[in-house]
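Chemist: I'll drop the sequence and a predicted model, then ask my questions.
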Amino acid sequence: ETGVTQSPTHLIKTRGQQVTLRCSSQSGHNTVSWYQQALGQGPQFIFQYYREEENGRGNFPPRFSGLQFPNYSSELNVNALELDDSALYLCASSFMGGNEQFFGPGTRLTVL
Amino acid sequence: GDSVTQMEGPVTLSEEAFLTINCTYTATGYPSLFWYVQYPGEGLQLLLKATKADDKGSNKGFEATYRKETTSFHLEKGSVQVSDSAVYFCARTSSGGGADGLTFGKGTHLIIQP
């Protein structure tokens, strides 16, 4: 059974740029959620994708957007990067209707 | 809204000491409750869970009991090891349903000294 994988591991961008982060869900899972974890804080829910559509969203602005593909993998896109977007971005996969989420290792984004 | 409150860290203990990390949650809906662990430079690993009142989750010597009357889910271990040093997060499911993701506490950094 393959776990959740994310790429890249680390990324450095400058303010105003755009970034795309990628996630492959655990084998058999059909739902992907994204979280932002600032340094020293708990993860904050960004949004969730199921059947290639966003079906839940946290308190994040529209410049945070995503995609889910037919193989259940997912992308997180952030436009017009701000310094406060510097964080660890975590992807989690699960079964729709299940409450247990399995996390990937994360992508560390630094915005300069 | 939903929230989870954990005891502030860091918590420093000697090896073989008894561990308690307190966690309380807002009593909205009928949440499932989780403890996740994060080792340095890694993502979150599910440590244990409980889905209804009075359930006890357990794994690797850690235990936590879902207490609805006190809205608590405290993490305990009878004898900690140096390898237990990590950040521990308490989390609950959303009262709005699974599509709203998990709500996490701020985390408790545990340091075990030999």
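Modeler: Yep, it's here.
Chemist: list the buried ones in stretch A:20-31?
Modeler: A:L21, A:R22, A:C23, A:S24, A:S25, A:Q26, A:H29, A:N30, A:T31 (16 or more other Cβ atoms under 10 Å in any protein chain shown). Placement of C-beta: from N, CA and C, glycine included.
Chemist: tell me the contacts of the last one?
Modeler: The neighbourhood of A:T31, defined by Cβ atoms under 8 Å, 6 or more residues apart in numbering or on different chains, consists of A:S25, A:Q48, A:Y49, A:Y50, A:Y72, A:S93, A:S94, A:F95, A:M96.
Chemist: restrict those residues to contacts with chain B.
Modeler: Within the set of those, contact with chain B (Cβ under 8 Å from any Cβ of the partner chain) is found for A:Q48, A:Y50, A:S94, A:M96.
Chemist: from these, which single one is nearest chain B?
Modeler: If you rank these by distance to chain B using Cβ to the nearest Cβ, A:Q48 comes first, at 5.3 Å.
Chemist: please enumerate the strands of chain B.
Modeler: B:4-6, B:11-14, B:19-21, B:23-25, B:33-38, B:44-50, B:56-59, B:62-65, B:75-77, B:86-93, B:102-104, B:108-113 (DSSP state E).
Chemist: follow-up on the earlier one: can you tell me which of the ones next to chain B among the contacts of A:T31 are in strands?
Modeler: A:Q48, A:Y50, A:S94.
Chemist: list the residues that contact the most centrally placed residue in chain A.
Modeler: A centroid search over chain A (Cα atoms, centre = their mean) returns A:W34, at 3.3 Å, as the residue closest to the centre. Going by Cβ under 8 Å, 6+ apart, A:W34 touches A:C23, A:F45, A:I46, A:F47, A:Q48, A:G66, A:S74, A:L76, A:Y89, A:L90, A:C91, A:A92.
Chemist: may I ask which of those has the most neighbours?
Modeler: A:C91 (30 neighbours; other Cβ atoms under 10 Å in any protein chain shown).
Chemist: looks to me like that one is in a helix.
Modeler: No - secondary structure of A:C91 (DSSP: H, G, I helix; E, B strand; the rest coil): strand, not part of a helix.
Chemist: just give the closest residue to it, not the sequence neighbours.
Modeler: The spatially closest residue to A:C91, leaving aside those adjacent along the chain, is A:C23, at 3.4 Å (Cβ to Cβ, 6 or more residues apart in numbering or on different chains).
Chemist: how about A:S25?
Modeler: The nearest residue in space to A:S25 (Cβ to Cβ, 6+ apart) is A:S93, at 3.5 Å.
Chemist: show me the contacts for the one you found.
Modeler: Applying Cβ under 8 Å, 6+ apart, the residues contacting A:S93 are A:V4, A:C23, A:S25, A:Q26, A:H29, A:T31, A:V32, A:S33, A:Y72, A:Q101, A:F102, A:G104.
Chemist: re the thing from before, can you list the ones next to chain B among the contacts of A:T31 in a markdown table and add pLDDT?
Modeler: Below are the ones next to chain B among the contacts of A:T31 laid out as a markdown table (pLDDT from 0 to 100):
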| residue | pLDDT |
| --- | --- |
| A:Q48 | 94 |
| A:Y50 | 91 |
| A:S94 | 89 |
| A:M96 | 76 |
